[in-house]
Structure formats: structure tokens, C-alpha cells
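Engineer: What follows is a predicted structure for the sequence shown.
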Amino acid sequence: MNFSRYLIRRLGYSIFVLIGLSILVFMIARLVPGDPARAALGPRASEEAVEQLRSRLHLDQPIYVQYFYWLKSLFQGDLGESLFTRRPVIEDIKEFLPATLELAIFAGILMAFFGILFGVISARYSNTWVDNLIRVFAYLGIATPAFVVAIILLLIFGMYFEVFPTIGRLSAWIDAPPKITGLLTIDSLLTGNFAAFFDALKHLLLPAISLSLGGLFQEARITRSSMIENSKKDYTYSMRAYGVPERVVISKYLFKPSIIPTISILGLDFASLMGNAFLVELLFNWPGLSRYGINVMLRKDVEAIVAVIMVLGVVFTVVNIIVDIIVAYLDPRIRLVEKGE
Amino acid sequence: MRIPIKLKFFLVTLVMVLIAMVGLAFADSQKIVRFTEAWPTYIDPAVAADFSSSVSVVNLYDTLVFPTYEGEVVPHLAESWEISEDALNYIFHLRKGVKFHDGTELTAQDVVFSINRLLTIGQGYSYIFEPVIDKVEALDDYTVSFTLQEPFGPFLYALVRLYILNEDLVLSRIEDTGEYGDLGDYGKRWLLTHDAGSGPYMVEEMRVEEYLHANQFPDYWKEVDPDAPLEFRFIGTTETATVRTLIRRRELEISDFRQPAEFYQNVAKEEGVKIAKMFGGSTLYCMMHTQKPPTDDIHFRKALAYAVDYDAIANQIFPGARQSKGPVSSILPGHKSDIFQYKRDLDKALGELKQSKYYDQLDEYPIDLIWCAEVPDEEKVALLLQANAAEIGIKVNVVKTPWMKIIEEVATPDSTSHLYLIFVSPHYAEAGSMIQSKYHSSSCGTWEQTEWLEDAELDRMIEQAIATVNKEERFAQYYAIQDYIVDLCPSLFLIDQPENYAYQDYYIDWVAAERAEQGERVNPVMGYNHYMLDVKVYPEKRDELLKK
């Protein structure tokens, strides 16, 4: 089997997973106690208004009929209406997804870059004070929840030193760049608005660090142990025996195979960031999808709940496929197995 | 061990980039007032009904009459009015030359459009007008007539919830795909993030879940103090660490009132920051099911009322609160100030319990006490009530229940539990609002009345009082009703809860906060204490604080 067929097969599986996920989430969202229409309009809204909304959302129909309507709308690009924001869910997703995506990408970059860097340094200087220091920070970083890190950073850099902005994505006095991708840093660069770029970057820093710290040190530990393990393998000894300089051994022969497990975990961590960013988004008043997701869940906003989880499901699936491609690129054995060689 | 030169270079570059980013920070010194509140906020007057929405529409729209801090209403868009002898017809004479934010003039037809839109959509504050209004007509450009179905004494007070929209602008923004026939969506989509008002502020930008930013309307018809804020920004967060940080950085002028006691203690230590304690009409009740054994027995209910440690709730669980005086918040006009108040007295509690038909079978009648999972402080009250009840031999099961489930549970008498801890606020600034929404049979099955009182005599008294136009007579009837309810003891009247706000006293003057500090009444109509024209801001004083 060649690699492209393998990928097509993976995509096929993913579609089945997403259909299963949609059925599950659709059922759970609707079986939780409470009338979404009444909750949305409040206890004093007229019964006619509530009935009208129930009918519009098909809540007065059996659940399988509701699912059919949802599926039909989905193929028309309509994800229903949010009872929380009172506008089409697709608009909410368009508005909130880029904010979370930007945060997750930035956190992911920090996670990948510093995670691998610390891992390599730690392995290179294993059992020295540098390694020990990184390991201590790694334990702290992994054990401390992101929201605790967020509060600490907020207090230190937001309250006591007042060096970084604490809420939102852009300062009030900065003109926002026109929306192209929805990612402020990218849009401001594309339009040459550097003031907005640096301001957006400043706003990103604290939430992204908070969010990335756990994963970053997880990646550092995996990279370290993987490098140390590989450095004891025969081919590494051979390279050293041939007199290949240590710098070349590390960068050319150790680094590539050692980051394969890191990349696998990195993919999962990145996808998790999207869903787990809730408290960080809340603390930094970041208008993201994760915070929106929790808000709609608390209000039993059925259409929005399903949409948010499906979007996160798609992100998870796509990231996993990308990780598979990268890992296959890095590890020829996987490509060969898929080709049947 | 040597650190490679490339790594050193990288670390130095990283530090320099960070320093450069920090250096870009600068302070703004605008005449702005920023406050935090919980999201969602709906700025469409036909949808707005909760606190943050009310605060927003109060500043974006005008009403025919305006509520004062003393609990009265004064002319606003309406310069004068006449009431027919049978109190069924109100004719309002509108102020001429009032401009909407797009520059067009506000006329009587806009008033007609606004009330019709509110009643058709059936959300927001429509419930106040829906049972009352028969028809509304524009007699000419500046005269509008309201005909009522039956006399409604507090009608003028209720009109502070009728916000006037620009008909032409709204109609030009309707989307065809709505549920209102030819009127499409009645402009609901557009009004989610825009305004069509004539109020002192107009929407500059609204970002859902993030903020609402509004600028002062330069052509406002009323004289505006030069120190009134030129902008206000409502920030959609109530996160304690965030709010605390913003206050310290002087990037927030007024906090929300949803913060824990520790927040207010800490933030009050900041230079120039004060805490304003305002009683806004919110009251915590423990509602008792009057049709379900054993709380159907009046002596059983009174036994509980005498067993409760009110002081502990008011002083320890909700510091700054005060024990409620009867079924109506003491801030509301029409509240009976010398009403009988239940006090903790275990002898009296036991005396009442012995008169109850369930006294010998208490073990067979444990009662469930429901507290709302989304309000953690209610758990402390529930546990205290459980302990108090145990002192006289009543077994109480404390049950944490999500709000959505409470709404569903209380829909029928059979599914309603014995006791519910619930905060209730008035819908308009009069005792009648709370009496009607809490104790009239029409509210049974909603979270505002889990008592299932269904008392025909009480219904008659409430309806009669509400229909009385003469204020003194109406209030006299309210007093009698409050006595009647206290005697029935359908609820434990626990506390009047204050709204605590941290605010930048050094560089803003906030009328409501100053009144609260002097022990005077604040505006009893939800949202009006945040009327931005009643705030003055001095940016130069803010700069002084920032330089220290």
C-alpha cells in the first residue's frame, strides 16, 4: 500500500469518527435536563415566543428528526442559531475560532521551539546543573495547571510590573487590521500595520505562555529521554568512534530520530490546547472558541455545543493526520511499512 | 560546561525583543469610564432584561420618563402627560427636536413602533406591558396615546423600561429570513451589535463576549456636564484576578458587583479606590412549598422562620447584607418599614413546631433544600439552614442543583421540592413588582414562585392594589399585602443583598456611589445607577495616580 492510499484510508476513518462524534454530542446536548428555549428567553418571555423558538429550532420534534434537520443544514453550511449570542453559530465560529487558533498556534510554537530546545540542552548536558535545573522547572511546569500559571503571570507582569496588557487581543487605541484570516498578527503583517502586529504580539504573550508551559516541559522531557536513549545506540557509538564531532552527532544523527515521539505528543498537545484554553481565555478576556464553548454549555445552547465540539473534533483529526505525515517523513520505516517493503 | 555562542546569541535576542515589546506600552488618558460585568449583553431593547443589558440600554436609548434616585419618575422624552379619569388612557406630549444618533428626529410614530416591536417579539421587558397595553397611537408627530386594558397604577414607573427606537433605521436593517412575517427578523440581528437610539451614548463597537464601546452623542438634547465621560467601555469579564489587575493599573473605573469579599478587602487598600455598597433590590428568599407536606403546615413554616440565624447569613456569609424586612426589598417605594420581622428564637420555633400536625412524625418528613449550583455562596446558607433546622429536630437534605434543572423542576407542584434558595429582583421600582411576581398565582410554576401559594384572597388584593392609580392608596394596599404575606410565612425572607462596587474615587465622581456612602437611596431601577451622565471623570487625576 502506498502512502497516499494510507492517507486516504485515514481520512475515511476520520469521517466515520466525526459522524459518530456528531451523533453522540447531539444526543448528549439534548438529553441534559432543561428547556433551551425557555432558558434562552428567560422566565418572563411570553409562552408564544418560547413556543416559536422551540418550533424554529425543531425542539418540538423527536430527536432523530432533529438530527436529520441538523445534518441537512450542515450540508448547506448552516450550523443553526446560538441561543447565547442570538446569531448564526457559523458567525460565532468565524469570530471566535481565529482567536483561539492564533493563541494555540502561538502557544504551539512556544511549546515546540522551547520544548525541543530545552530537551536537547538537557540531553546534551545530562546530569549537569543545567539538566537538573531544566528538570526541576519541567516538574513544576507539568504539575502546575495553566490557569494557575495565568494568574501568576497576570499578577507579576500585569499587576505589579504592568509591562504587558492583561485583557483582549488588541489595545483600544490601536487600529485593528482588516480581517483577512482573523489572526491579528498575520493580518497586521499582511497589511503592513506593524503597530498592530507588536500590540497583538504583546497581548498574546502572557496567555500563550500560560497555555504552553505544561506541554512545553512535557515535550522537553520526552525529547531529553529520547535523545539520551538514542545516544546509547550502536549507530551513535559508531559515529563517535569515527571521530564525528559531537555537534554533528547531535544535530545530524541524534536529533531527527529523537524528536519523532515529541512530535507525536506535540500534535495531541496542540489539539488539546484548543479545547483546554477555557480558563486562560477567561482570565485574559480572550474572545476565543474555548471560552465560548463553555459558556454555551452552561446555557444549554444546543446548536452551539454541537458545533463547537465538532470544530474541535475536526481540528483534532486534522492535526493527527498532519502529525502522521510529519512522522512518516521523519521516520522512513513508517513509509516502508506502508509501502509493504 | 560552556554555553555555545549561538545559544547565548539567541537568549540575548529574545530578551531584547521582550524589552522592545514592553517599551511599546503607553498609557492613554482619555475621558473614559470602563466597567466590568458578566456577559451576555443584549443591547436590543426588545431583548434586554438582565443587569448588564439594562446598564447598556439605559445609556444608549431614551425613555418617555426617567427614574430618579428617590424612586419617582420625571419627564424625559415626554415633557408632560395627561391621564384619563378612568386611568385607562395616557396621553404623552413629546419633546421637540430630539435627535436619534443618525440625526433624524424622534417622533410619536417611533414610540408606537417601539412598543409594538417589544410586544411582538415578546422578550425583554415585554412582560411588564403585555398584560396592560391595549393599543398605542400617534395622535400627531409629538403626541402619543396609550390605551390600557385595565387600570395599572404603576404604569408611569413601568415606562422606564420602554426604550424608544428609530423606526426608519430599524426597518432599513431588517433581514428577510426572520420569524415576523413581512417584518423579517424585526431588525434583531442588526440590533445585536448596533443601536438605533437617541440616548446620551452611541455604540462605537461591540465585540460579542469581549466588550461594548460607546461614545458620547454630540447632539444629545439634554445639557451634558463637560466632565461627563466622552466614552464608556463595558468589559465582559468578572474574573477576580483580571478585575483586580485592571483596577490597580487604573484601566478600570468601576468593577462589577460579583466579586468575593476578599476582593473588596484587598482592592480597598489601593490608593484612590473605594467600595460603594448599593442595595439594588435583590433579595434572597428561601421559598417553601405551601402545598407539599410538611411545609404545607403554617406552623412548620413559622418554626423554620424562627430557627434561622439571620445574623450569620447577613454578617458572615454575605458581609454587608441586612436581614430582609418582609417579602419586599426595603429599597423599593411601597415597602412597609415597620413590618414584623422574624428573628432567631428557638423557644418560639419549638412552640410553633409543637402546633404543627407533623410534630410527632418529623422523622417521616425530611425536607429537601435546593441551592443553585451556579451560586456557590448559597451552599453556605443551605448548610446553615440545615444546622438551624436540626436544632429543633427537623431533618433537611441539602441538594445542589443546576439552574436549568431548577427551572424545569419548579414547573409543576409535584416536581417542586420543599425549599429553594433563590435571589429575586424587582422588575420595576415599586413594591408591587415584587409582590406580584413573587406571590400572585400567575407566577406559580416559574422560579420566582416555588411556594405555589395560589391564595385567591391574596390574588384579589394584589390585583386591586396594582389597579389603583392613586399612589398613597396603592401603597397603603401594598402595606396590607405585605402584612398578609408575612403572616402566611410562605418564604423565609433572608437578606437584602447589597451590590458592592470597587471604583476609582480619586478620579471619578459617581453620584450613585456618593449617595450610597451617605446612606441615601440609590436608583431602585436596575441599570440606572450606571447612567454615565451621572459620572464625572478627571483624566489628569488618573495620570497623577499613574505617576506615583
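Structural biologist: Sure thing, it's come through.

Engineer: Centre of the chain to stretch B:37-56, how far?
Structural biologist: Stretch B:37-56 sits 10 Å away from the centroid of its parent chain (Cα atoms, centre = their mean, to the nearest Å).

Engineer: Could you do stretch B:111-131 as well?
Structural biologist: The mean C-alpha position of stretch B:111-131 is separated from the chain mean by 19 Å, Cα atoms, centre = their mean.

Engineer: what about that stretch, near chain A?
Structural biologist: Yes - using Cβ under 8 Å from any Cβ of the partner chain, we find that stretch B:111-131 touches chain A at B:121-123, B:126-127, B:130. Any C-beta I mention is one placed from the backbone N, CA and C, and that applies to glycine too.

Engineer: middle-most residue in chain A, spatially?
Structural biologist: With distances taken as Cα atoms, centre = their mean, residue A:274 lies nearest the centre of chain A, 3.0 Å away.

Engineer: quick one: contacts for the residue nearest to residue B:429 when sequence neighbours are not counted?
Structural biologist: Nearest residue to residue B:429, sequence neighbours excluded (Cβ to Cβ, 6 or more residues apart in numbering or on different chains): residue B:524, at 3.8 Å. By Cβ atoms under 8 Å, 6 or more residues apart in numbering or on different chains, the residues touching residue B:524 are B:67, B:71, B:280-281, B:331-333, B:426, B:429.

Engineer: Make sure residue B:524 is indeed in a strand.
Structural biologist: No - applying DSSP: H, G, I helix; E, B strand; the rest coil, one finds residue B:524 to be coil, outside a strand.

Engineer: and the stretch 151-300 of chain A, which residues reach chain B?
Structural biologist: Residues of the stretch 151-300 of chain A lying near chain B (Cβ under 8 Å from any Cβ): A:151, A:154-155, A:158-159, A:162-168, A:172-173, A:198-199, A:201-202, A:205, A:282-285, A:287, A:291-292, A:295, A:298, A:300.

Engineer: before we move on, what SS does the closest residue to chain B within chain A have?
Structural biologist: Across chain A, the shortest distance to chain B (Cβ to the nearest Cβ) belongs to residue A:34, at 3.0 Å. When classified by three-state DSSP, residue A:34 comes out as coil.

Engineer: Packing partners of the helix or strand that contains residue A:310?
Structural biologist: Using DSSP states H and E, residue A:310 sits in helix A:302-330. On a contact count with 3 or more Cβ pairs under 8 Å, 6 or more residues apart in numbering or on different chains; DSSP states H and E, helix A:302-330 meets helix A:3-31, helix A:89-124, helix A:255-276, helix A:289-298, helix A:332-339.

Engineer: ok, and what's touching the third one?
Structural biologist: Outside helix A:255-276, the residues that touch it by Cβ under 8 Å, 6+ apart are A:100-101, A:103-104, A:107-108, A:111-112, A:115-116, A:119-120, A:123, A:146, A:211-212, A:215, A:218-219, A:222-223, A:226-227, A:229-230, A:289-290, A:293, A:312, A:315-316, A:319-320, A:322-323, A:326-327, A:330-331.
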